[in-house]
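S.K.: could you look at this predicted model? Sequence included:
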Amino acid sequence: MAVYTHVSPLDARALLQAFDIGDLVDLTGVPQGVENTNYLLTTSRGRYVLTLFERRVDEADLPFFFDAMAHFAAHGLPTPAPICDRNGNALQRVAARPAVISTFLDGAPRMAPTPAECARLGAVLARMHLAGADFPRERPNALGLSGWERLAALTRPQSDRLTPGLGHLIDEEIRFARANPHSELSRGLVHTDLFPDNVFFVDTEVSGVIDFYFACTDAFAYDLAVALNAWASHNGDYLEPQAAALLSGYQSIRPLPAAETAALPSLLRCAALRFLLTRLYDWLNQVDGAVVAVKDPLEYQRLILRHRCVGAL
């Protein structure tokens, strides 16, 4: 989450006229996150989330994302539901941006997750993969290998501004990713952005999984690698107890096939490259006036170097 586009109370009141969810009480921007603009929308009937879709989201993909959330919710997973207006439309337009109002989920993220919390997340991720196996729609991963190559080309001329040798490292990792495809692994509907700030807890239980706007069809093991990098690292240091707990929780629900276990070390590098590139692009292309914390690309450089040295789980 973040705030790139500013929405006024007048804008929010105009939007709410098309809905039956009450009158505006409060509108508060949510600065956490990177990709889209988000507001906590409080009405006389409750709390909701207003999302405006920004740079990397193609409006044509939004029905897929909305259906993905509904699919997971139908399988008993704690995901938000888009709210339709009186005409049955979820997709709206606010401040010249495509937008949606969705249900609010109680809880709070664990930004420094314990092994026990990682295990809980692992189990939920496995349930998502089991549910995602029979999702009837497909969407290619726009931030798969071709997307990494595009971002590498865009950032290469300035990458060494951040640290010397970064461009060379990226070139090497692009070559590694080309040589280690994961197209033959089991695939289905996946999240691909399951960071701690996208998961809420109430007490010890996962109460919400949000931000499905990178959802796509890809390998389950790749999605697992994204989560391992996100949940089992701190400032680029890989935290073995958290990683082991997440894997244990995952396999308590969905045991990994041998091919996925064998592929995980290379997928950890590929997943780290993806976020190194998107963070680097955002660092080089900061938006004036945006209320957003730009995340450190070098955290993922350090993870890549760790995964290179270890070479195995």
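M.R.: Cool, the structure landed. Residues are numbered from 1 along each chain as shown.

S.K.: residue contacts, Arg93?
M.R.: Residues in contact with Arg93 (Cβ atoms under 8 Å, 6 or more residues apart in numbering) are Ala99. C-beta here means a position set from N, CA and C on the backbone, and glycine is covered the same way.

S.K.: that one - that's part of a helix, no?
M.R.: No - with DSSP: H, G, I helix; E, B strand; the rest coil as the criterion, Arg93 is assigned strand and is not in a helix.

S.K.: middle-most residue in this protein, spatially?
M.R.: The centroid of the chain falls nearest to Asp193 when counting by Cα atoms, centre = their mean (2.1 Å).

S.K.: can you map out the strands along this structure?
M.R.: For the chain, the strands defined by DSSP state E cover 24-29, 37-43, 46-52, 92-94, 97-103, 187-190, 199-202, 205-209, 216-219, 233-234, 237-238.

S.K.: among these, which is nearest His75?
M.R.: Minimum separation from His75 across those (Cβ to Cβ) falls at strand 187-190, 10.4 Å.

S.K.: show me the shaky parts of this protein.
M.R.: 1-2, 32-34, 289-292, 312-313 (pLDDT under 70).

S.K.: and if we set it to 50?
M.R.: Across the chain, the ranges flagged by pLDDT under 50 are 1.

S.K.: the residue nearest to the residue nearest to the centre of the chain when sequence neighbours are not counted - how many residues pack around it?
M.R.: Taking Cβ to Cβ, 6 or more residues apart in numbering, and ignoring the residues beside it in sequence, Asp193 has Phe214 as its nearest neighbour in space, at 4.4 Å. Phe214 has 24 neighbouring residues, counting by other Cβ atoms under 10 Å.

S.K.: phi, psi of Phe214?
M.R.: Dihedral angles phi and psi of Phe214 (degrees, to the nearest 10) take the values phi -120, psi 10.

S.K.: please tell me how far it sits from Asp203.
M.R.: 28 Å (Cβ to Cβ, to the nearest Å).

S.K.: quick one on the thing from earlier: might one say that the residue nearest to the centre of the chain is in contact with Val226?
M.R.: Yes - using Cβ atoms under 8 Å, Asp193 is in contact with Val226, at 7.1 Å.

S.K.: mind listing the shared neighbours of those two?
M.R.: With Cβ under 8 Å, 6+ apart, Asp193 and Val226 have no common neighbours.

S.K.: make CSV out of the strands of the chain and add distance to Arg127.
M.R.: Listed next are the strands of the chain as CSV, based on distance: least, Cβ to Cβ, whole Å:
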stretch, distance to Arg127
strand 24-29, 31
strand 37-43, 25
strand 46-52, 23
strand 92-94, 30
strand 97-103, 19
strand 187-190, 12
strand 199-202, 13
strand 205-209, 10
strand 216-219, 17
strand 233-234, 23
strand 237-238, 25
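
S.K.: among these, which is nearest Ser159?
M.R.: Nearest of those (Cβ to Cβ): strand 233-234, 21.1 Å.

S.K.: now for that closest one, which elements pack on it?
M.R.: If contacts are counted by 3 or more Cβ pairs under 8 Å, 6 or more residues apart in numbering; DSSP states H and E, strand 233-234 sits against no helix or strand.

S.K.: who does that strand pair up with?
M.R.: Applying DSSP bridges, strand 233-234 is found paired with strand 237-238 (antiparallel).

S.K.: figure out how far the partner strand is from the centre of its chain.
M.R.: 20 Å (Cα atoms, centre = their mean, to the nearest Å).

S.K.: show me the contact partners of it.
M.R.: If you take Cβ under 8 Å, 6+ apart as the criterion, strand 237-238 is touched by 232, 302-303, 306-307, 310.

S.K.: run the last query once more with 6 Å
M.R.: Arg306 (Cβ atoms under 6 Å, 6 or more residues apart in numbering).

S.K.: stretch 299-312 now?
M.R.: Counting by Cβ under 6 Å, 6+ apart, 229, 233, 235-236, 238, 265, 268-269, 272, 275-276 sit against stretch 299-312.

S.K.: give me the distance between that stretch and the centre of its chain.
M.R.: 21 Å.

S.K.: again with stretch 51-58
M.R.: For stretch 51-58 - counting by Cα atoms, centre = their mean - the centre lies 13 Å from the chain centre.

S.K.: kindly check the end-to-end length of it for me.
M.R.: The first and final residues of stretch 51-58 sit 14 Å from each other (Cα to Cα, to the nearest Å).

S.K.: mind listing what's buried in it?
M.R.: Residues of stretch 51-58 classed as buried by neighbour count (16 or more other Cβ atoms under 10 Å): 51-54, 56-57.

S.K.: which residues in the protein form helices?
M.R.: Here the chain has its helices, by DSSP state H, at 9-16, 62-74, 115-132, 145-155, 166-179, 220-231, 240-251, 258-284, 298-310.
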